[in-house]
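>>> coordinates only, no sequence provided:
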């Protein structure tokens, strides 16, 4: 279409109209309404039907595939000017900021619970009169004795880290290994970036492949940790505020690691296809920023959910 | 420069937009998308307005007349949600789409495809939300603030749809904001330094920042609700060590910046209109920019003034009282500057100017009642009364909404190339002005006398004020239908408008022909001093 015939394309980017956005919006709607119906049905005692949300998800995934393929294709064809590339940088940066604020909501909940709610329920501090509700409740973190254990079954044990000096216990502590793995993967993805700058494709593929592998190992260990929590420790989403904050923080982090691994995997495929040059590798860079972001979130998690 | 643009755009007419429905579904053009946003928000405004009229009809007399309390709760809840997320916010985004590329001298938004996505999510999200009203158990009935446990333990099953609708709206707002920030930071014409940007662009830059900062927090809040409802977590349940008050903290950490999201672009609009009709430069441009930035900063540290009565430690109450009062300082700077702009100006009073002046006066009244509410000990008396309802309607209706209407009248000639009928515009203004005050001013009195909000019935002593209020609401509602008539008449048979439709108007958009060409600026224009606002 000739929409943009007169616009100076070396300065401005005005893409032709396209079907992706409206289909993506439709797919999203299908997905979440299906999900809502499913959840409601299960909560009401039904078996639930995931068909609609699956179809919605498939539409979303397909449209995203075509959309990103189109963007890559336009870039390969040299249609993207400097201005658009700067817009992508701003866009990704602000997107990551929005993700930071998403986690801030959950961290905020964790801090508020630990600093105010639990002490107050236990009878300490300004609003300690709340203790009147459950007089036997004693404030402690992690909360393994819930105010009302009949409604929220106590976990057998929390995920809290062993004492600092207890070296042998750390050797068997899964989150410690996950921390090492994720921190290393931030370094390997940096080496992959260096390899692009040095125009060494084999090194890029090696380091990027290693990063994806580390991400996958992290996820496997995370699943193992959840299985351990549910089966051995009796720690579930329903075991009070400790389980709630633990699973929502680590769970959404794990979800973001999954996304990040997937993004890096796509960059790996692109690298194998011969994309990226030392001046033009924004897809890779954006994914690596995202990866550093999930890494930083994990550090916060490790400190405030597991150790402190 | 403007001759060059003219020459370019004569060719452009040969290539206009695609035809038919596809144009609107598939468009990547900022003007098409702006138009979609504006019409969508107007449709939502009418839907939300009908819900408001159901409320006012019920409250016309004491006793239950038309609806049951359960349904009444759904009306107040959905009225609030639709007006905030469906009418006011999309209208401002629509104005941003139309105006920001023209005002910074760009052909379009920075990320046009994502722009289309941001819009098209909204009809689906609101389709979901409004459909809950017809579901078993009814729609959201827990107030637009959806406090837990009303929205978790005691919510109707449709709350799950509501939660996902909020997720979608949040995604739309975040993408829209990212687009606006990228456009402003990246696509300004050479020579347009930050401190030469039009005020509307400045206010939207800061608004977009607020949106990106707080919409994810809202997403987090509804996600925790979802988990409490379906996955047995206890974030907002004290029996498991959580706290329902924590919901309020998280909600208002979003909610207070949110109310500034709905007023900062209004500040920008008024800062364009008043100088244009006073035929003077905007007084104190720099201080206007810093005032907006200060208000945005303060908006993050005042949230708990919405919850003085929940039982906070004294230190918290004092902190939030003082930080809230601080907001009056930058806001006062702005009001002072608008008045100083008018001082000894060559004033004329066309419709946009009337709405802008009404904005300054009535918004300031809303601000003053806000100051009253900020005082913790007296808030114990005002909390959850009609005084609060009067307060926030004064800042939202003659505040945010009047600024949107003013903007539509002001830039309408630029968008369509046609002029509205000035007489009809003035009639619309006076009807709105009278209607809004008759509706909301008496609510100050009933609130101070102790009438609680969100109830379908009330003691006899409040009958007179409520009757007046209901009459005003119907006047106001009908005058907005009249607005629709004024606009449609102007689109169909308005007189042709000049390129600079208002002689005192400044800014790059007025250097373009009217109607503005499909791609506003195909080459970066020169930014001349006489087009700079401050």
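Now that the structure is in, tell me what you want to look at. Treat the numbers as computed from the prediction; the structure is a model and nothing was measured. Numbering: from 1, shown residues only, chains lettered A, B, ... in the order given.

>>> neighbours of the nearest residue to residue A:198 once chain neighbours are set aside, how many?
Among residues not flanking residue A:198 along the chain, residue A:278 sits closest, at 7.7 Å (C-beta to C-beta, 6 or more residues apart in numbering or on different chains). Backbone N, C-alpha and C define where each C-beta goes, glycine included. Using other C-beta atoms under 10 Å in any protein chain shown, the number of residues around residue A:278 comes to 10.

>>> could you do residue A:245 as well?
27.

>>> pull out the buried residues from stretch B:485-502.
B:486-487, B:490, B:494, B:497, B:499-502 (16 or more other C-beta atoms under 10 Å in any protein chain shown).

>>> per-residue confidence averaged over that stretch?
The average pLDDT within stretch B:485-502 is 96.

>>> with stretch A:34-42 instead?
Stretch A:34-42 comes out at a mean pLDDT of 95.

>>> hang on, the earlier thing: nearest to chain A among the buried residues of stretch B:485-502?
Nearest to chain A out of the buried residues of stretch B:485-502 is residue B:499 (C-beta to the nearest C-beta; 18.8 Å).

>>> which ones among the buried residues of stretch B:485-502 map onto helices?
Members of the buried residues of stretch B:485-502 lying in helices (criterion: DSSP state H): B:486-487, B:490.

>>> circling back: okay, the buried residues of stretch B:485-502 in CSV with distance to residue B:455 next?
Shown next, in CSV, are those (distance: C-beta to C-beta, whole Å):
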residue, distance to residue B:455
B:486, 36
B:487, 36
B:490, 41
B:494, 45
B:497, 48
B:499, 53
B:500, 52
B:501, 47
B:502, 46
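
>>> of those residues, which is the nearest to residue A:144?
If you rank the buried residues of stretch B:485-502 by distance to residue A:144 using C-beta to C-beta, residue B:487 comes first, at 63.1 Å.

>>> returning to what we had before: mind putting the ones in helices among the buried residues of stretch B:485-502 in TSV, distance to chain A included?
Below are these laid out as TSV (distance: C-beta to the nearest C-beta, whole Å):
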residue	distance to chain A
B:486	31
B:487	26
B:490	27
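
>>> so what's the residue of the stretch 351-500 of chain B at minimum distance from chain A scoring on pLDDT?
Minimum separation of the stretch 351-500 of chain B from chain A (C-beta to the nearest C-beta) falls at residue B:376, amounting to 15.0 Å. Residue B:376 is assigned 96 on the pLDDT scale.

>>> quick one, phi psi at it?
Here is the backbone geometry of residue B:376 (degrees, to the nearest 10): phi -50, psi -50.

>>> ok, it touching residue B:318?
Yes. Between residue B:376 and residue B:318 a contact is recorded at 7.4 Å, counting by C-beta atoms under 8 Å.

>>> of the ones in helices among the buried residues of stretch B:485-502, closest to residue B:100?
Scanning these for proximity to residue B:100, where the rule is C-beta to C-beta, the winner is residue B:487, at 21.8 Å.

>>> which residues touch residue B:356?
B:269-270, B:273-274, B:277, B:402-403, B:406 (C-beta atoms under 8 Å, 6 or more residues apart in numbering or on different chains).

>>> same check, this time on residue B:299
B:210, B:256-257, B:259-260, B:327.

>>> same thing with residue B:440?
B:389-390, B:393-394, B:397, B:469, B:472.

>>> residue B:381 now?
By C-beta under 8 Å, 6+ apart, the neighbours of residue B:381 are residue B:448.

>>> and the residue of the stretch 301-450 of chain B found nearest chain A, what does it touch?
At 3.8 Å from chain A, residue B:313 is the closest residue in the stretch 301-450 of chain B, using C-beta to the nearest C-beta. Residues near residue B:313 by C-beta under 8 Å, 6+ apart: A:125-127.
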